[in-house]
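[1] sequence first, predicted coordinates after that:
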2 protein chains.
Amino acid sequence: MSDVKSDIEIARAASKRPILEIGSKLDIPQEHLLPYGHDKAKVSAEFIKSVADRADGNLILVTAVNPTPAGEGKTTTTVGLGDGLNAIGKKAMICIREASLGPNFGMKGGAAGGGYAQVVPMEDMNLHFTGDFHAITSAHSLLSAMIDNHIYWGNELEIDQRRISWRRVVDMNDRALRQITTSLGGVANGFPAEAGFDITVASEVMAILCLADDLADLQERLGNMIVAYRRDKSAVTCRDIKADGAMAVLLKDAIQPNLVQTLENNPAFVHGGPFANIAHGCNSVVATKTALKLADYVVTEAGFGADLGAEKFLNIKCRKAGLSPKAVVLVATVRALKMNGGVAKDALGTENVQAVKDGCANLGRHIENLKKFGVPVIVALNHFIKDTDAELQAAVDYARQAGAADALVARHWADGSKGITNVAEAVVKVCESGEANYKPLYPDEMSLFQKIETIAKEIYRADGVTADSKIRNQLKEWEEAGYGKLPVCMAKTQYSFSTDPSRRGAPTGFDIPIREVRISAGAGFIVVICGEVMTMPGLPRRPSAETIRLNEDGLIEGLF
Amino acid sequence: MSDVKSDIEIARAASKRPILEIGSKLDIPQEHLLPYGHDKAKVSAEFIKSVADRADGNLILVTAVNPTPAGEGKTTTTVGLGDGLNAIGKKAMICIREASLGPNFGMKGGAAGGGYAQVVPMEDMNLHFTGDFHAITSAHSLLSAMIDNHIYWGNELEIDQRRISWRRVVDMNDRALRQITTSLGGVANGFPAEAGFDITVASEVMAILCLADDLADLQERLGNMIVAYRRDKSAVTCRDIKADGAMAVLLKDAIQPNLVQTLENNPAFVHGGPFANIAHGCNSVVATKTALKLADYVVTEAGFGADLGAEKFLNIKCRKAGLSPKAVVLVATVRALKMNGGVAKDALGTENVQAVKDGCANLGRHIENLKKFGVPVIVALNHFIKDTDAELQAAVDYARQAGAADALVARHWADGSKGITNVAEAVVKVCESGEANYKPLYPDEMSLFQKIETIAKEIYRADGVTADSKIRNQLKEWEEAGYGKLPVCMAKTQYSFSTDPSRRGAPTGFDIPIREVRISAGAGFIVVICGEVMTMPGLPRRPSAETIRLNEDGLIEGLF
């Protein structure tokens, strides 16, 4: 038997404290915590309103180099850093995203962190949790039903049934539902039409829940969603369908942040989980803003690598929510750098300092990019057992030279908070220095196409952007319709700065081709699709569901 | 403004006690109550196991005459009787079904009871509640995805894709999904096929959740479900697909009963909600059995009128769960009796003693039927403001003469528990008399067709049952396959003893035509369809969703 415990073994051995006690660490009165079992709770809207005038704590974003199959440990570092800040005496909490239920039944489920830097209860968080995603599915499904029902009863709004842009959602990997025809079987079932399902996290309702300031703003944004077009191409909104009020009712609990705890009993908000390609990939604005009122240091993360996740966090979430991050922690591992330096996965076990140095080009470009937003960057090298001192030192030296405020090796996976106090101290130092001066990369007033070009050139380092006239005209039409001030949300591969996932490191000499543009008028961004985007995954040949079961002790097997 | 408060006004004015305090009335230790907010909780599996050896309390079924548009108040009487039993010093609780979310967005939502006999929190119970139905939807959807995925990857089980009997579900009224084609769009999306969605309450998973003894039995039954057939017509089960373990994991919390409270702060389990036509229409066995260990009197109800609901409660649920009811309370109203006596709805306001007497034929037949199960019947006349003394007295006289152990006028809607202590006293008297000697109407060993005939003749008073040879052969095939000992679950109109909804009162001279038979091999019954059965409702022209919203005070408007 191995000495190294699995994430789930560690999570199950955790000494969880009652959630009301965790809440009291943040001075949340018991009556304002709505418990879900003894280890999860939602924070009431009244309490959130009551702390609105407090000063904000320091916001720290954790992001990473481009992901590789070697793993980087972004969430693990987010959790570890939160614990590390608490360990050095700071009042700190973390904000991360919720997991989607469906994919757990395909591949084994994702933990919330790993090793001794995890958030618990891990199993609940990978299953129904507090029902937020189910509420989103319900709200989304209600709108779907109401659109077809409107047409069924006479179509007063004159919707062109060929131009319904609102797809259905379900929180399950079900490829058979990607493309369907509905309303077959005769008059009583409506007008036959093409339709399809995405997975719930791809719903615009999810993106809205994560960007709304409160329930009133949520309803306003839901109303703004474009669900279809008429023959004259004018838009029909969710408000026209009169679904926004009922959808807000269905989401009234889901918008409240979920409080859980780390293995070290520090508070964590786990709330919301939009895609990081067709949406902005961050936990909810409500959770982040509330956390900033309750803690002096709030550690959060954004999906995928810094080119996708951090860019959207900084250009979309911070801009829209009025957030001003004080530091960015850029996570890398020696293994990931070696893969970016051209090493194959099965050769990662051998020391290869040159490959680390080669792969650092990826790290270096992310450091440069992040500094363009006016926020200092600290590199955290998430330590793996087989890393050698020479490899780690090469990465640290490179990062410092490339402009990082600091670069440190973190051992939170094996050691919990005491393995990452060095990074915590560096974060505090940078926050206290007042060095940060956050600004988004482009102004609201820039044209939509220029915004795309700015990201492509400044972040991806592309030579240019290619798009046919249909796409350029669509962007212009949206500008004329009043959507020109929206930010753009780039959907491209997470594995490369380019649109070719095999081009690791810091590629140059490529264009970014735009395949398609979509509008999320409720969430408030233009989605720019630059590659295959899969919004409804399928199950693999041997889905993990086949082996998931409860054992004799009532414990779940096969989920992790 | 009216003096009479609406149900929702009364519910909102309720002085709810913390749910942990309600649990302590039943001596449930706090650590065994998993709270959902401060007014809902699930009871732990460990606690339920710990009370298994206790003696059972008295089980009382509340049922009703055939429903009419005038309303009968079955749930209201169930709740009122529970409060009434507590009011006369008995340790009593109630067990009722959960409401389906979807239909609330079509017509205004149903309360759990009415007037001063309600269960709260009413709004939560009509929305997501504790997430049980979402869990059922997830488990059902997982199996749907796994069936298509199995075929996609090579179809080892040799499923005949034309013979997939497993439909999909969603908890929303969405007629466009009744009949669809799936897997369009090419190779990556699977093999195009016909499919369709039902509403979640119609899922066999729902019926199973409500009939299972515990989580192990639940998984066993899930495994037994037939999902498709091969070309040789042999059955493919959920266990063959290997979905049963993961489905049980998804349902591990959903199977635990939900504790809430009445307006008078008495404990109530609200758990499960299967259809009362294609399924058995009762709350969960787990809830009922647990309640019998915790209280001396347990009041429960079954869907629709006694010909459908009580028949299934007695022939399916009690038989399978080993329950032995001590009394049946048969609810009627003067208004409903008048409609059964031929009065139109808009003439109900005028005194009409003869119409009451005429309509009593319906009441009388139900009394006779219920006594065939060996259980004494008490008639409760649920008082409405416009009822006259002469009308009430006519009904009381008739019921006593027709064989009811007692017949009483109950005023719980207006007066709460103190309006129904008379019925409570009568129930206690009957229970203490030891008069009850429950037995099902037919033995397990009877042939399936004879079981159908027995119900048709003994309960509905039909001359006979008609069915073509295809149906008779199907029943024989199931008997040969080992399913002959299952009970039958009749799906017919709730408005008449016959299959013609317009034939109120006590019709005679008709046959029961069987249109179709289906097997629910996991739930453990044969479904016999004798008329239109709608398993996916649509939304009306003006769905209530259009006016549902949160008002300035954060209260939900338009839901009730």
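    Now that the structure is in, tell me what you want to look at. Residues are numbered from 1 along each chain as shown, chains lettered A, B, ... in the order given.
[2] now the residue in the stretch 201-350 of chain A positioned nearest to chain B: how far from residue B:556?
    Of all residues in the stretch 201-350 of chain A, residue A:245 sits closest to chain B, at 3.0 Å by CB to the nearest CB. All C-beta atoms are positioned from the backbone trio N, CA, C, and that covers glycine. Distance, residue A:245 to residue B:556, by CB to CB, to the nearest Å: 9 Å.
[3] joint contacts of the two?
    Common contacts of residue A:245 and residue B:556 (CB atoms under 8 Å, 6 or more residues apart in numbering or on different chains): B:548-550.
[4] now render those residues as TSV, adding neighbour count.
    Shown next, in TSV, are the shared contacts of residue A:245 and residue B:556 (neighbours: other CB atoms under 10 Å in any protein chain shown):
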residue	neighbour count
B:548	25
B:549	19
B:550	20
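[5] name the nearest of these relative to chain A.
    Chain A lies nearest to residue B:549 out of these, by CB to the nearest CB, at 3.0 Å.
[6] from what I see, that closest one and residue A:245 are in contact.
    Yes - in this structure, residue B:549 is within contact of residue A:245 by CB atoms under 8 Å, at 3.0 Å.
[7] any residues in contact with both of those two?
    Shared contacts of residue B:549 and residue A:245, defined by CB under 8 Å, 6+ apart, are found at A:219, B:558.
[8] pLDDT-wise, which helix or strand of chain A ranks last?
    Across the helices and strands of chain A, mean confidence by mean pLDDT, DSSP states H and E is lowest for helix A:7-12: a mean of 90.
[9] once you drop chain neighbours, what's closest to the one residue sitting closest to the centre of chain A?
    In chain A, the C-alpha nearest the mean C-alpha coordinate belongs to residue A:281, at 2.7 Å (CA atoms, centre = their mean). Ranked by CB to CB, 6 or more residues apart in numbering or on different chains and with sequence neighbours excluded, the top spatial neighbour of residue A:281 is residue A:303, at 3.1 Å.
[10] over to residue A:37?
    The shortest distance from residue A:37 to any non-neighbouring residue, by CB to CB, 6+ apart, is to residue B:34 (4.5 Å).
[11] do the same with residue A:160
    Closest to residue A:160 by CB to CB, 6+ apart is residue A:231, at 4.9 Å.
[12] okay, now residue A:287: neighbour count?
    Look at residue A:287: counted by other CB atoms under 10 Å in any protein chain shown, it has 31 neighbours.
[13] how about the contacts made by it?
    A:95, A:257-258, A:269, A:271-272.
[14] what parts of the stretch 401-550 of chain A come near chain B?
    Residues of the stretch 401-550 of chain A lying near chain B by CB under 8 Å from any CB of the partner chain: A:538-539, A:541, A:543-550.
[15] show me which of those residues are buried.
    Burial by neighbour count, judged by 16 or more other CB atoms under 10 Å in any protein chain shown, picks out A:538-539, A:543-546, A:548-550 from those.
[16] secondary structure element for the nearest residue to residue A:439 once chain neighbours are set aside, which one?
    With sequence-adjacent residues excluded and distances taken as CB to CB, 6+ apart, residue A:439 is closest to residue A:374, at 5.0 Å. Of the helices and strands defined by DSSP states H and E, none includes residue A:374.
[17] read off the pLDDT value for the closest residue to chain B within the stretch 451-560 of chain A.
    Nearest residue of the stretch 451-560 of chain A to chain B: residue A:549, at 3.0 Å (CB to the nearest CB). Per-residue confidence (pLDDT) for residue A:549: 96.
[18] looks like it contacts residue B:247 (just checking).
    No - under the criterion of CB under 8 Å, residue A:549 makes no contact with residue B:247, lying 9.6 Å away.
[19] identify the contacts common to those two.
    Common neighbours of residue A:549 and residue B:247, using CB under 8 Å, 6+ apart, are residue B:219.
[20] and chain A, which of the shared contacts of residue A:245 and residue B:556 contact it?
    B:548-550.
[21] picking that back up, just checking, the residue nearest to residue A:37 touches residue B:44?
    Yes - assessed by CB under 8 Å, residue B:34 is found in contact with residue B:44 at 6.4 Å.
[22] which neighbours do those two have in common?
    Common neighbours of residue B:34 and residue B:44 (CB under 8 Å, 6+ apart) are residue B:256.
[23] re earlier: the residue nearest to residue A:281: what's it in contact with?
    Residue A:303 neighbours (CB under 8 Å, 6+ apart): A:97, A:275-276, A:281-282, A:309, A:312, A:494.
[24] and stretch A:179-193, how far out from the chain middle?
    Put simply, stretch A:179-193 sits 36 Å off its chain's centre (CA atoms, centre = their mean, to the nearest Å).
[25] averaged pLDDT, that stretch. What do you get?
    Here the average pLDDT along stretch A:179-193 is 98.
[26] output that stretch as CSV, restricted to C-alpha atoms.
    Taking C-alpha atoms only, stretch A:179-193 is exported to CSV below (Å, rounded to 0.1, in the frame of the first residue of the first chain):
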residue,chain,number,x,y,z
GLN,A,179,-29.1,17.8,-32.3
ILE,A,180,-32.8,16.8,-32.2
THR,A,181,-36.1,17.6,-33.8
THR,A,182,-38.9,18.5,-31.4
SER,A,183,-42.7,18.8,-31.5
LEU,A,184,-43.3,15.7,-33.6
GLY,A,185,-46.5,13.7,-33.3
GLY,A,186,-49.2,16.1,-34.5
VAL,A,187,-51.0,19.2,-33.7
ALA,A,188,-51.2,18.8,-30.0
ASN,A,189,-47.4,18.8,-29.7
GLY,A,190,-46.7,22.0,-31.6
PHE,A,191,-44.7,22.8,-34.7
PRO,A,192,-41.8,20.4,-35.6
ALA,A,193,-38.5,22.2,-35.3
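[27] does it reach chain B?
    Yes - counting by CB under 8 Å from any CB, chain B has neighbours in stretch A:179-193: A:179-185, A:188-190, A:193.
[28] top of those by neighbour count?
    residue A:182 (26 neighbours).
[29] so that residue makes contact with residue A:147?
    No - the pair residue A:182 and residue A:147 fails to qualify as a contact (CB under 8 Å) at a distance of 10.9 Å.
[30] re the thing from before, so who does the residue of the stretch 451-560 of chain A closest to chain B touch?
    So residue A:549 contacts A:556-558, B:219, B:244-246, B:248-249 (CB under 8 Å, 6+ apart).
[31] residue A:138 falls within a helix, correct?
    Yes - using DSSP: H, G, I helix; E, B strand; the rest coil, the assignment for residue A:138 is a helix.
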